[in-house]
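Visitor: Sequence first, predicted coordinates after that:
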Amino acid sequence: MTADILISIVAAVGFGLTALYVAVARRHKPTWKAGVIMLLACAELSSARVLLGISSDLATKVFWYKMIFLGFTITPTAFLCLALGYSGLGYVLTRRTWLVLGVFPALTAGLVFTNEIHGWIWNPGNTVSIVNSLRFLTVADAGIWYWVFVAHSYFVIGLGCFFLARLLIRSRGIYGWQASAVIIAAILAILGSALDIFGASPLRPFSTTALGLAVGSILVAYVLAPLRRRDLLSFSRDAILNNVSDSVIVVDGDGRIVDMNPAAERLVGGPASQAIGKPLEQFLPEPISIWTGNTNKNDEVTLDYGNTPCVFDLRVSTIQGWKNHVEGQVVVLRDITERKRIEEVLRESEEKYRTILENIEDGYYEVDLDGNFTFFNDSMCRMLGYPTEELMGMNDQQYTDKENAKKLFQTFNKVYKTGGPLRGGEWEIIRKDRTRRCVEASVSLKRDSSGNPIGFRGIVRDVTERKQAEEALKEKTEELAWSNRELEQFAYVASHDLQEPLRMVTNFVQLLAKRYQGKLDSNADDFINFAVDGAMRMWNLINDLLAYSRVGTRGHPFEPINCETILQEALDNLKVTMEESGAVVTHDSLPTVIADSSQLVQLFQNLIGNAIKFIGNDPPRVHVSARRSGNEWTFSVRDNGIGIAPEYAERIFIIFQRLHGRQQYPGSGIGLAVCKKIVERHGGRIWVESEPEKGATFYFTLSKKGVQQTRPLEQ
């Protein structure tokens, strides 16, 4: 194995390992593809040179010699792409650019593998001597296209070195050093190949091309291997730009996009590869004067983002290169739509707050911890009778007496200690004209941005007229309650005292009817019958009126009772009526309630009795049920009777109101009034739902916990 082959092995291994490192560790860099292609091409031509040296038959040697050319055709173009991306011009490397740059290498590779036909690369007659000597083509061996290929390769590599040299001039620190190392590696490769081509190598028979590639591979590996550690600033900047929510776009001096972060990709609606190299205004349709120029800018702009107008905070910073020359700009767009919306909401809220304070009749106040006014509305001034300039700074000692000032101090102290608001406090204030007013106020703690108490605030309402009205209403209510008690007592006494003389009249009229019925003329008999009937109706009416008055005056204390037991007692009282009419009464499970048992029996008995009385052609069918409704029970008594027109649904609960004549349906018209009074005594309500000829359903409610009896029972 010759030294030439050993050098090629070193170059192949160096380029291969460096390509593997770049592919694995540098995938996030925009130049990684071009770098990997260039390094693999160099590794391929070095490996082909090794395989050429160890091959024995001519056909194999010719194949590997052609493979060396394949690597040489790819390397210059890949180097140019690497230089463009590394120097910040990667935006020009579009798919079309890659295709154009790949035309010449593809054409040259095709000519190399068909050289036996045309001899444009080397003289086919010298093939054996060329491949056996392991040398590169010399002036005597080369064909016409070979010189075109050499000129193209040197031009492309030189152009790449030019871009790297620009980066070297503008950059500082590690970036300039990296560019210098890559330029030196390229110059070594060009110099080595030139010495071989023109036969001027001082190291014959060693190949200066292989030596230049080997040294270049070591240099590139040395530059890139520690890059992860030395390029920490670049990594950190990439991490920041890729994760911030702000859209960051880099443009060159001509306003073309050079780079952008993922947030900017979402803003423009496409990947960076589609936007790089294109004018910025193509994606952000604003006047170009906003985006370009030599000065920094800060403004707010509105853009359509996802078909929705969004507000952005725009910041444009210039990028300065050699001698402060402006090379481009960094455009940063921060979406402040939500912030602007919140600001607008706050502005509207403050406007509403101010409008409310200016127009409400209630007074609004803010005081410091010593009780001195720091802010108030006009209503507060009118309430106290002081102008604004006098009221500002006043404390409670100046508009209340000592007793009310003490109450106010205690209230403020309680709010300060607990931190919670207090509502409904009542005080007396003294106006400037020395008149007194009763006010109702709320007090809450006022805090600063750190949460420390700095004062109190609240609403004050003048309730003087309301308090006067409440006192007047209280007096009227007491008068009305006394009047109702007197009326109930009168009704009871009247009905009770009328029973004895009416009983005497009834007995004697019945005695006349028994003794003289048929012994006088027919008119006398009619008169006697009328007198008996009238006396009996008067007797029943007085008894019903007495029962009605006893609901409120002769009730029993409330106690837990089982409604099923109460219902059964009512049905026992109606047993004869039910048997005569053929009535059937059913019921669901009924609850236990707090009530007057005797009155609840009367309630069920009246409702079921009415259902049996007001019946149509079918036998009476009555169903009793109850359901839970919040804090009360709702009972229902449903029948299949003649029904009630909706317009009479309230009238039937008024005392002595009847919808039918006595001849058709007997009764005094007081039964449902008694039911209503019983239900109301228990804190409930009663109503009916019905239509004519479709039956009726009576509903009434009873509290689950019962109601407090507000008046003493008269025994």
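Guide: Looks like it arrived, so ask away. These numbers were taken from a predicted model, which means no experiment stands behind them.
Visitor: any idea how far T374 is from G455?
Guide: Applying Cβ to Cβ, to the nearest Å, the value for T374 to G455 is 6 Å. Where you see a C-beta, it was placed from the backbone N, CA and C, and this is true even at glycine.
Visitor: Find the residues that touch each one of these two.
Guide: Counting by Cβ atoms under 8 Å, 6 or more residues apart in numbering, the shared contacts of T374 and G455 are 366-368.
Visitor: how about the strands of the stretch 351-500 of the chain, start to end?
Guide: Secondary structure of the stretch 351-500 of the chain (DSSP state E, counting those that start in this stretch): strands located at 363-368, 373-376, 422-430, 436-447, 453-462.
Visitor: Out of these, which gets nearest to F163?
Guide: F163 lies closest to strand 436-447 among the strands of the stretch 351-500 of the chain, at 62.3 Å (Cβ to Cβ).
Visitor: Packing partners of the closest one?
Guide: For strand 436-447, the packing partners by 3 or more Cβ pairs under 8 Å, 6 or more residues apart in numbering; DSSP states H and E come out as helix 402-418, strand 422-430, strand 453-462, helix 464-516.
Visitor: Now render these as TSV, adding distance to A645 and mean neighbour count.
Guide: Formatted as TSV, these follow (distance: least, Cβ to Cβ, whole Å; neighbours: other Cβ atoms under 10 Å):
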stretch	distance to A645	mean neighbour count
helix 402-418	58	14
strand 422-430	48	16
strand 453-462	48	19
helix 464-516	30	12
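Visitor: quick one: which of the shared contacts of T374 and G455 is most hemmed in?
Guide: Neighbour counts for those, by other Cβ atoms under 10 Å, peak at V367, which reaches 22 neighbours.
Visitor: Distance of that one relative to P453?
Guide: V367 sits at a distance of 12 Å from P453 (criterion: Cβ to Cβ).
Visitor: likewise I74?
Guide: For I74, the distance to P453 equals 77 Å [Cβ to Cβ].
Visitor: Then F409?
Guide: Distance, F409 to P453, using Cβ to Cβ: 15 Å.
Visitor: again, but for W633
Guide: When W633 is compared with P453 (using Cβ to Cβ), they lie 49 Å apart.
Visitor: Listing request: residues of the stretch 101-250 of the chain with sub-threshold pLDDT.
Guide: Filtered on pLDDT under 70, the stretch 101-250 of the chain yields the residue ranges 133-139, 167-179, 192, 196-240.
Visitor: all helices in it, in order from the N-terminus.
Guide: Along the stretch 101-250 of the chain, the segments classed as helices by DSSP state H, counting those that start in this stretch run 103-113, 115-118, 127-132, 144-170, 174-197, 208-224, 227-230, 232-243.
Visitor: tilt between the longest one and helix 103-113?
Guide: Angle of helix 144-170 versus helix 103-113, following axes from the mean of the first three to the mean of the last three Cα atoms, to 10 degrees, is 140 degrees.
Visitor: Which neighbouring elements make contact with helix 144-170?
Guide: Going by 3+ Cβ pairs under 8 Å, 6+ apart, helix 144-170 lies up against helix 58-86, helix 103-113, helix 174-197.
Visitor: Could you single out the most deeply buried of the ones you listed?
Guide: Counting by mean count of other Cβ atoms under 10 Å, helix 58-86 has the highest mean neighbour count of the helices and strands packed on helix 144-170, with a mean of 21.
Visitor: what packs against that one?
Guide: Packed against helix 58-86 by the contact rule (3+ Cβ pairs under 8 Å, 6+ apart) you find helix 32-54, helix 95-101, helix 103-113, helix 127-132, helix 144-170, helix 174-197.
Visitor: ok, 6 Å please
Guide: Under the contact criterion of 3 or more Cβ pairs under 6 Å, 6 or more residues apart in numbering; DSSP states H and E, helix 58-86 touches helix 32-54, helix 103-113, helix 127-132, helix 144-170.
Visitor: And this protein, split by domain according to the record?
Guide: Structural domains assigned to the chain are 3-232, 244-341, 360-462, 468-536, 556-703, following automatic domain parsing.
Visitor: any low-confidence regions in the stretch 251-400 of the chain?
Guide: 285-296, 305-306, 321-326.
Visitor: For it, just list every one of the helices.
Guide: 262-268, 272-275, 288-291, 337-359, 378-384, 388-391.
Visitor: Out of these, which is closest to G160?
Guide: helix 272-275 (21.3 Å).
Visitor: now that closest one, how far from the centre of its chain.
Guide: In terms of Cα atoms, centre = their mean, to the nearest Å, the centre of helix 272-275 is set 34 Å apart from its chain centre.
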